[in-house]
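[1] Following is a predicted model, sequence given first.
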Amino acid sequence: MKICTNCVMPSTKPDLHFNEDGVCDACQSQKSKNSEIDWKKREEEFLNLIKQYKVHPDYDCVIGVSGGKDSTYQVIKVLELGLNPLCICFEPTIPTEIGRKNLENLNNLGVDLIHIKRNPVVYKKLAKEAFIRTGDNEWQNHLGIFTTVPKFAVNFNIPLIIWGESPQIEYGGPATSKTRNTLDRQWLEEFGGLLGNRISDMVGVDGLSKKDLSLYTYASDEDIHRVGVTGLFLGYYFKWDLREVVKKSKEHGFSVQDRPVETTYENFENLDCYSNHLHDYLKYVKYGFGRATDNACLDIRLGYIKREEGVRLVNKYDGIPPKKAIKEYLNYTGFTQEEFNKIVDSYTNKRIFKRDENGKFLRDIDGSLVRKEEFIVK
Amino acid sequence: MLKHRVIPCVLLKNWQLVKSIHFDSFRTIGHPTSTARIYNSRNVDELIVLDIDASLNNEEINTEIITDIANECFMPLTIGGGIKTIDDIYKVLNAGADKVAINSKALKDLDFIKQASSIFGSQCIVCSIDVKKIDGKYKVFTKKDGILDINPLELAKKYQEYGAGEILLTSIDNEGSTKGYDLELIKLFKDELEIPIILNGGMGEPHHAVEAIQNGADAVAAAYIFHFSQYTPNDIKKELVKCNIDSRIIDN
Amino acid sequence: MLNNQIVIIDYNMGNLRSVQKAFEKVGCDAVITNNHKIIKNASKVVLPGVGAFKDGMKNLEELGLIDILNEEVLENKKPFLGICLGMQLIASKSYENGETDGLGWVDAEVVKFDFTDYDKKLKIPHVGWNNVSYKNNNLLFDGIANNSDFYFVHSYYFKTNVDIVTSTTDYGFDFVSSVNKNNIYAFQFHPEKSQTAGLKLIENFVNINGEL
């Protein structure tokens, strides 16, 4: 396993490439964010583009929101640019108190907000099957966000959707994805983290019918075309700096936690959902890096910490099972601890983590997996 | 009637499943367990997994992952990559595979195919041929040795003679291109072999499968379309049936 | 001592784990073995297999399994499931690479597909999914739609009397895809590789005499 010489991202991350100096492409991308990209030009491009989308009598764009720091920042930015957005919130899987508070705060910035209370019975069936089948307990939530927002755009005849950061620009990804400024159906299928599972593959699960899943079915090509729906990444046109985003959001009433969020050292991410903490933990068991690594890498790239500090933070915080989140998750789904462990084990990386002679994964006192020597982050 | 098969064909690299583009660059498809589970839930006809760490980097055949994948599959599983000895075949079959795909070893040693098919049965042995078009002619290609002055059809006939049960024919030029299969290539093979041919490389939309089968393929293999597009295996089969090609469709 | 278990005969012919996994999936712990004692105590017997007929018979003989199979299946009438080669072996003889005698449990011959006189030269082996048309209400097809697809991979097929034929499959002509004679059930296709339909068939076998 290689580790980026600049940040602390390991080569076990899917589709991460390193140059001859051992620097990962997310770092290179971040560097070009600072040096190669003419942000003034991109801002002009954006302002020009949106002119043609100001066609709706009431709303200039649609924004998918959660109440988190990113969507709060998006709304602030969009309001500053003089646009009137219609906000759509596809509710998190297991909402938290602070998440609800932040959503209220977003609403109070002065926007119309549609809070989707989806069919909980259908959603739970999807959630449980997605966890078993894909190893991603938030699969159905990602899908829900990416399909309901265009659906509402179509239904309200609002062509412009404004998304936040481009995950590939910020975190690295296949070369073809980084120059993408738009999020459309093709983007969703290729880069949206669906892991090859489609909503049509979920028909029949626990009696789910095609009709049950209409909310998660992407709008037809005809409708998208007719309305002219286009999704732009704000992060492509405006330089995205994580801590700037947090600062600005806080200035506008966004609340952070008084202690670190489970699975990392930060207190401002994924505040709105317990299931998301589990999602981050699953990333760790599959690939050997979790939210703490993501945060440390971003902090290094943005110049807030040095690499040694990043290594220290990763070794201290990454991979600790989120006890509260798991408890909430078991409560929500009804899985027993045993069933849950079996599923997590089936996704745990045999190459990275140590096992005993019976093939059972070794665990520390706090339940963390034990990394083989050659996979320890240095 | 016998149905024409639509088979996902993926590569195993660094304990993850990937697909390649012209054999050059790789993109992650996903975790082996989840990918196998998804394929099984989709009722795909078969699954082919080629271990490129074993074949290109001479690493040990990853029997653990093979078993993990086999445990999720209630349809036939073909495993290839790095198979060099009879013992390797035993290892792979015992790990849970139903068939083995052999490439470089077969090129160097036809008798190995004879031996393998007599021990395990022809139906267990798939010979894999990678092809590139050079100066208008099709030549066999390997990652290690590059272009070889060998005619793919002649080679396939030899494999058939020595006991292979099926041929997996991959067009390196079309692989990952999503522009469709190499129809000129498959036309050369049409009605020339007694054993089935699985054509691989290039499917970007369902109709490509129709073209491939109409031009001589018995079955088609693909990767991109199942992971990076909106099409599911059923979409491809429905298109086949629409064009009067027998295909197995399971609707939930 | 394992008692009253379903046994999967291990005679070095093919992937037994798939078969065992399929039984596991339907909730039944089947044991892979060639141990005579365990077979004697078995509730049901499964004979899978891929490979050459000659090798199959040779291995059964060397492992001393022929007599015990005759006893448990023919005399003690334990329910028997034969899959692919396991079906072919119950025939009287096979013409694969010369003539070889089979177990002779049914009056049948195993011959190679031959399409020389056909307009369309079908490929051999017969590989892939094909319809299985069953005639009567056979126990093992209970709950499975007629003409469902199952997975086949073979170059030789079974020739026998109509009265024991339980299903046919079209591959140039209608060949025998399964037979049933008393407690003996045999299938040319692979139920353990035929997903939902196959798993249902295995479940039906497990449920014979109400055992699960």
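    Perfect, thanks for sending it. Numbering: from 1, shown residues only, chains lettered A, B, ... in the order given.
[2] Could you use CA atoms for every contact and neighbour count after this?
    Fine.
[3] and the gap between the closest residue in space to residue A:229 that isn't next to it in sequence and residue C:10?
    In space, and not counting its chain neighbours, residue A:229 is closest to residue A:159: 4.1 Å by CA to CA, 6 or more residues apart in numbering or on different chains. Separation of residue A:159 from residue C:10 (CA to CA, to the nearest Å): 65 Å.
[4] out of those two, which sits in the more crowded spot?
    Counted by other CA atoms under 10 Å in any protein chain shown, residue A:159 and residue C:10 do not tie: residue A:159 has more neighbours, with 26 against 22.
[5] Go ahead and confirm that one touches residue A:228.
    Yes - using CA atoms under 8 Å, residue A:159 is in contact with residue A:228, at 5.3 Å.
[6] Where does the prediction get shaky in the chain?
    You didn't pick a chain, so chain A it is. Residue ranges of chain A with pLDDT under 70: A:168-181.
[7] if you could check chain C rather than the one you did, that'd help
    Short version for chain C, where the test is pLDDT under 70: C:1-3, C:210-212.
[8] longest helix in it, by residue count?
    helix C:195-206 (DSSP state H).
[9] Any part of it near chain A?
    No - interface with chain A: helix C:195-206 contributes nothing (CA under 8 Å from any CA of the partner chain), its closest point being 13.3 Å away.
[10] ok now that helix, how far from the chain's centre?
    In terms of CA atoms, centre = their mean, to the nearest Å, the centre of helix C:195-206 is found 13 Å from the chain centre.
[11] Could you report the distance from the residue lying farthest from the centre of chain C to chain A?
    Outermost residue of chain C with respect to the C-alpha centroid, by CA atoms, centre = their mean, is residue C:119; its distance is 30.8 Å. Taking CA to the nearest CA, to the nearest Å as the measure, residue C:119 falls 40 Å from chain A.
[12] quick check, that residue in a strand?
    No - the assignment for residue C:119 (DSSP: H, G, I helix; E, B strand; the rest coil) gives coil, which keeps it out of a strand.
[13] quick one, phi/psi of it?
    Dihedral pair for residue C:119: phi -70, psi -50, per degrees, to the nearest 10.
[14] With residue C:106 instead?
    phi -130, psi 160.
[15] Give me the number of neighbouring residues for the residue of the stretch 201-350 of chain A found nearest chain C.
    Relative to chain C, the nearest point of the stretch 201-350 of chain A is residue A:204 (13.3 Å; CA to the nearest CA). Neighbour count for residue A:204, taken as other CA under 10 Å: 12.
[16] What ranges does chain C have for its helices?
    Using DSSP H, helices in chain C cover C:16-25, C:36-40, C:53-62, C:65-69, C:85-88, C:195-206.
[17] Can you list the helices and strands that the longest one packs against?
    Just to be clear, that refers to helix C:195-206. Where contact means 3 or more CA pairs under 8 Å, 6 or more residues apart in numbering or on different chains; DSSP states H and E, helix C:195-206 is packed against helix C:16-25, strand C:148-154.
[18] Can you say which of these is packed in most?
    Highest mean neighbour count among the helices and strands packed on helix C:195-206 (mean count of other CA atoms under 10 Å in any protein chain shown): strand C:148-154, with a mean of 23.
[19] wait, what's in contact with residue C:19?
    C:8, C:48, C:192 (CA atoms under 8 Å, 6 or more residues apart in numbering or on different chains).
[20] quick one: the first one and residue C:15 touch, right?
    No - contact status for residue C:8 versus residue C:15: not in contact, 11.0 Å apart, counting by CA under 8 Å.
[21] Looking at those two, which one has more neighbours?
    With neighbours defined as other CA under 10 Å, residue C:8 and residue C:15 compare such that residue C:8 has more, 24 against 21.
[22] quick check: domain ranges of chain A?
    A:39-237, A:267-375 (automatic domain parsing).
[23] Following element in sequence after the strand or helix carrying residue A:71, please.
    Take DSSP states H and E as the rule and residue A:71 turns out to sit in helix A:69-80. Next in sequence after helix A:69-80, counting helices and strands by DSSP H and E, comes strand A:85-90.
[24] partners of that next one in the sheet?
    The strands beside strand A:85-90 in its sheet (DSSP bridges) come out as strand A:61-65 (parallel), strand A:112-116 (parallel).
[25] Residue A:41 is nearest to which of those strands?
    strand A:61-65 (21.6 Å; CA to CA).
[26] got a list of contacts for that closest one?
    Contacts for strand A:61-65 (CA under 8 Å, 6+ apart): A:53-54, A:71-72, A:74-75, A:83-90, A:145, A:149, A:153, A:158-163.
[27] and the angle for it with helix A:69-80?
    With axes from the mean of the first three to the mean of the last three CA atoms, to 10 degrees defining the directions, strand A:61-65 sits at 160 degrees from helix A:69-80.
[28] Give me whichever of the helices of chain C is most buried.
    Mean neighbours per residue, mean count of other CA under 10 Å, is largest over those for helix C:85-88, with a mean of 26.
[29] Could you check how far the closest residue to residue A:318 other than its chain neighbours is from residue A:68?
    Distance criterion CA to CA, 6+ apart; nearest residue to residue A:318, sequence neighbours excluded, is residue A:292 at 5.2 Å. As judged by CA to CA, residue A:292 and residue A:68 stand 18 Å apart.
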